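*Asks:* Based on what follows, work out the 3D shape:
(chains A, B and C)
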Amino acid sequence: MKRLFAIIRAQLRAAFALALQYRLDFVVDGLLAILWIGVTLVPVLVVFGTRPEVSGWTFPEMLLVLGWFIALKGFLEGAISPSLTNVIEHIRKGTLDFVLLKPADAQLLVSLGKIEPARVIDLFGAIAVFVYAFRRIGHHPSMLQVLVALSLLLAALLVLYSIAILVVSIAFFAVRVDNLLYLFQSIFDIARWPTSIFRGGLAIVFTYVLPLALMTTYPALALLGRLSLQTALGAVASTLIFAAFSRTVWRLSIAKYTSASS
Amino acid sequence: MKAYPQLLRTGFAAMVAYRAEMLIWMFATNMPLVMLALWSAVARGGPVGPYTQTGFAAYYLGSLLVRLMTGSWVVWELTMEIRQGTLALRLLRPIHPLLAYSAENLAAVPLRGIIAIPVVSILLYGMRAELGHDTLSWILLAPAMFGAWLLTFLVMSLIGTLGLWFESAGSLFDAWLGISAILSGYLIPLDLFPSAVRDIALVLPFRFLLSFPVELVLGKAIGLHAVKLLAVQWTYVGAALIATHFVWRSGLKRYAAYGG
Amino acid sequence: MRGMIRVNRLQKWYRVHQRQPGLGAALRSLFHRKYDEVKAVDEVSFSIEAGERVGFLGPNGAGKTTTLKVLSGLLHPTGGEVSVAGFKPQDRVRGFLQQITLVMGQKQQLLWDLPPAETFLLNRAIYDIPKAQYAETLSELTALLDLGPLLNKPTRQLSLGERMKCELAVALLHRPKVLFLDEPTIGLDVSMQVTVRDFVRAYNQRFGATVLLTSHYMEDVAALCPRVMVIDKGHLIYDGGLPELVQRVRPDKRLILRLSKPVDRKDLEALGGTLVDHRDAEAVVQVSQALLQAAVSRALASLPLRDLSVEDPPLEEVMRDLFAQGRAA
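*Replies:* Residues are numbered from 1 along each chain as shown, chains lettered A, B, ... in the order given. So this is what the prediction gives:
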């Protein structure tokens, strides 16, 4: 266990050292993050300039969904995507072999390859949105509600991470997966809205097939005290199952890679 | 320039080879449909400004079509070739690299069109009440789409060429994408913005990347007014062309001086 | 357990999917794929003791890299048994991975934008190297490879040779018992090649590590490996000492004659061998071992010589002959 932490610490240290090498990029990425938070907020501002409520969500409540979206986007684009794009590069260059030669779990080694620390701005942006939204709502969430919401956030991160691992597992065999990652990010974009704005069939798809509801709608509902404990537990449980599935696919891919490649 | 038809043919063959990637890209361009879902939910109780639910559907389907037909990727290719040093190889050939890129990108349009145009047209036909009835607007649609494609391509080339000066040209393009998402009408129809913002957005070049062709489809730009707008679009295209030309020329001088 | 590395009837085959151009063929391949079977390694057996330095020679595509990858656990064998340091490589058990290292000449594990020192620290955590041992190993490697100023410069700023030195260091931080070196000197200038060879020899002697090296440069193998294995088309066609190999394949010697005056062709041919090179100031004659003595005496007696030396034919030629023979057989 101690060894595991030592490895994670060393990986993070290397990833941060790498990111801070390019200080100008760091500043530019920070400014871009702020711009995109603004771009994300504009549609909501325009929509609620015309109506006080949409599909049962008021303006501040919708902001909660958006806040979770911004936070998740920060993790996705700041850590998950860069690390996994890095792995795909390794596969292309043939240097993945070095990862496989190390006496440590390959999935662990590749997961923290590259990080963009500037994206921490997204987390600050999300917190600012939450603070503003709850001011508008008039009361603040209870400790329990916050805890449930945070656990759902962790579950959402785990889902995103597991999907990314699945995409990379495909990359072992069909190297041109850049567009798949792009598709993945564009579908994730749908999570900026609560699933109730989608009619019937689509709402079901976005809750059970593509777990977008879990990522932003549920945490927002949790903060508002409108999420049943059942639903929350169900969401977390299915996340764990999905993560286990993704890990299995990864291990099978590695096994096939080592038996089939040259 | 004589080689251009052949370049187009080669570009088309390359697109066919990359058809899987192209399809994935097309599916990934789903933002207009998501925005449509949002606005449909909003408009359930009644129209928003001049848009009913069907009105929004027509707008966003038109938007989707324009986006699919005018998208390019030259900025990514250019920044990568500059970074990896392979631009030097292109410079050895007797054809201007930007011209070569334009052929590659233009060749993708028919293939995307084969898939997108029939589907969108059928859907739009079902909403033909929302569409424009002015014949002139429909005639102007082709040059407006081509203008939008060309303007997109030139801006991408311009920003990509800036990669000859600094590495973060990609980030600059990201910023352009963000601003353009709002001011081009991609996220929200321009006439739904508060009047101060709308008036500015209507004169900026972003409008002519997307909103203008959609306005022609929806009959929001008609007659002489439409012709004037087309002229403004092509003025922007001309300006972009001149800017790209000069930036490219001085960029190359710098590239040669520093060995690339 | 006899032998650090034991390979018994190793086979590695690939199925390579045949790709035809054209839209029709692409569609057909969705339903019915045609495969070619490529035998990269075909019934190879050998055994290497701890502390040996062995060279692996062979033309491109002969199966050298494939064999190394099987030995390091990166590839599963299609058939046969492999054992390295008592482990089955394909299981990729931690204990196994801690004892081996693979250095690939064309690829690097050093993080590109960071100084080598950062990759060292990362590897130290991954291999769980105790502090004291790490410090000791690092200082020895730094001394042996003269790494001092290189460790804190970003890898991308180092020259190819400097990078290779750091690459070797990072690969050996965990003091592996078995070294697999795949073309480690490729692209390096001559002095750096010598540095690498000297280092590998020193490491082997200091730590008793087993070394298995593949190379295109005959000098690497000649300088470093008392034992040589030759692979061609997946078959092991020779396993033994290098001098014996030369003897077997090309038992001729080369007579290098430095002339003080130009000499007629006839006179050179009269020595009893084949004329390889004829210039005003120098001539090279290839003579069989049996006729060597006579040829030398005749040359000393009849030719205006400034200098005379006897050499083995260049290894490259020997290898070329060997593979040509293999192909004919």
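*Asks:* do the helix or strand containing B:Leu177 and chain A meet?
*Replies:* In this assignment (DSSP states H and E), B:Leu177 forms part of helix B:169-183. Yes. Helix B:169-183 reaches chain A (C-beta under 8 Å from any C-beta of the partner chain) through B:171, B:174-175, B:178-179, B:181-182. Bear in mind the C-beta positions are built from the backbone N, C-alpha and C, glycine included.
*Asks:* the inter-axis angle of the helix or strand just after that helix versus helix B:169-183?
*Replies:* The helix or strand immediately downstream of helix B:169-183 is helix B:195-203, counting by DSSP H and E. Put simply, helix B:195-203 runs at 120 degrees to helix B:169-183, going by axes from the mean of the first three to the mean of the last three C-alpha atoms, to 10 degrees.
*Asks:* Return the set of buried residues in helix B:195-203.
*Replies:* Across helix B:195-203, burial judged by 16 or more other C-beta atoms under 10 Å in any protein chain shown covers B:201-202.
*Asks:* And the strands in the chain?
*Replies:* Unless you meant another one, I'm taking chain A. Taking DSSP state E, the strands of chain A run over residues A:53-54, A:57-58.
*Asks:* not quite, I wanted chain C
*Replies:* So, for chain C - with DSSP E - the strands run C:5-17, C:35-48, C:53-57, C:79-84, C:100-104, C:178-182, C:210-214, C:227-232, C:235-241, C:252-259, C:274-278, C:282-288, C:305-311.
*Asks:* sorry, back to before: closest to chain C out of the residues of helix B:169-183 next to chain A?
*Replies:* Ranked by distance to chain C (C-beta to the nearest C-beta), those are led by B:Ser171 at 17.3 Å.
*Asks:* List the contacts of the closest one.
*Replies:* Counting by C-beta atoms under 8 Å, 6 or more residues apart in numbering or on different chains, B:Ser171 touches A:25, A:28-29, A:32.
*Asks:* Need these in TSV (columns: pLDDT).
*Replies:* Putting the contacts of B:Ser171 into TSV (pLDDT from 0 to 100) gives the following:
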residue	pLDDT
A:Asp25	83
A:Val28	89
A:Asp29	90
A:Leu32	93
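*Asks:* Buried among these? Make that a ChimeraX selection.
*Replies:* A single ChimeraX command suffices to select whichever of the contacts of B:Ser171 are buried according to 16+ other C-beta under 10 Å:
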select /A:25,28,29,32
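*Asks:* other SSEs contacting the lowest-mean-pLDDT helix or strand in chain A?
*Replies:* Averaged element by element with mean pLDDT, DSSP states H and E, chain A has its least confident helix or strand at helix A:200-204 (a mean of 82). Using 3 or more C-beta pairs under 8 Å, 6 or more residues apart in numbering or on different chains; DSSP states H and E, no helix or strand is in contact with helix A:200-204.
*Asks:* Which residues of the stretch 151-260 of chain B lie near chain A?
*Replies:* B:167-168, B:171, B:174-175, B:178-179, B:181-182, B:187-188, B:192-194.
*Asks:* from these, which is closest to C:Lys266?
*Replies:* Using C-beta to C-beta, B:Glu167 is the member of these that lies nearest C:Lys266, at 69.3 Å.
*Asks:* count of neighbours near the closest residue to chain C within the stretch 101-250 of chain B?
*Replies:* Going by C-beta to the nearest C-beta, chain C is nearest to B:Glu167 of the stretch 101-250 of chain B, at 12.3 Å. Number of residues near B:Glu167 (other C-beta atoms under 10 Å in any protein chain shown) recorded here: 14.
*Asks:* Ok, A:Leu123 next?
*Replies:* Counted with other C-beta under 10 Å, A:Leu123 comes out at 15.
*Asks:* do you know how far it is from chain C?
*Replies:* Note on A:Leu123: its distance to chain C, by C-beta to the nearest C-beta, to the nearest Å, is 25 Å.
*Asks:* what pLDDT does that residue get?
*Replies:* We note a pLDDT of 95 for A:Leu123 in this prediction.
*Asks:* which ones are touching it?
*Replies:* Here A:Leu123 is in contact with A:71, A:74 (C-beta under 8 Å, 6+ apart).
*Asks:* And it, how far from chain B?
*Replies:* 19 Å.
*Asks:* again, but for C:Ile48
*Replies:* Distance of C:Ile48 to chain B, computed by C-beta to the nearest C-beta: 41 Å.
*Asks:* ok so, going back, the residue of the stretch 101-250 of chain B closest to chain C belongs to a strand, doesn't it?
*Replies:* No. Using DSSP: H, G, I helix; E, B strand; the rest coil, the secondary structure at B:Glu167 is coil, not a strand.
*Asks:* Which secondary structure state is assigned to the residue of the stretch 1-150 of chain B found nearest chain C?
*Replies:* Residue of the stretch 1-150 of chain B nearest chain C, by C-beta to the nearest C-beta: B:Val16 (7.3 Å). Here B:Val16 is recorded as helix under three-state DSSP.
*Asks:* Now the least confident helix or strand of chain A - C-alpha only, CSV.
*Replies:* Extracted in CSV, the C-alpha atoms of helix A:200-204 (Å, rounded to 0.1, in the frame of the first residue of the first chain):
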residue,chain,number,x,y,z
GLY,A,200,-39.1,10.4,-23.0
GLY,A,201,-36.8,8.0,-24.8
LEU,A,202,-33.7,10.3,-24.7
ALA,A,203,-34.0,10.9,-21.0
ILE,A,204,-33.9,7.2,-20.4
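*Asks:* what about the helices in the stretch 51-200 of chain C?
*Replies:* C:64-71, C:94-97, C:116-127, C:131-145, C:160-172, C:190-207 (DSSP state H, counting those that start in this stretch).
*Asks:* about what we covered before: let me have the strands of chain C in CSV, extended by mean neighbour count and distance to chain A.
*Replies:* Formatted as CSV, those follow (neighbours: other C-beta atoms under 10 Å in any protein chain shown; distance: least, C-beta to the nearest C-beta, whole Å):
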stretch, mean neighbour count, distance to chain A
strand C:5-17, 17, 6
strand C:35-48, 16, 7
strand C:53-57, 24, 17
strand C:79-84, 18, 12
strand C:100-104, 24, 6
strand C:178-182, 24, 9
strand C:210-214, 24, 15
strand C:227-232, 22, 15
strand C:235-241, 17, 18
strand C:252-259, 20, 38
strand C:274-278, 14, 39
strand C:282-288, 18, 39
strand C:305-311, 12, 38
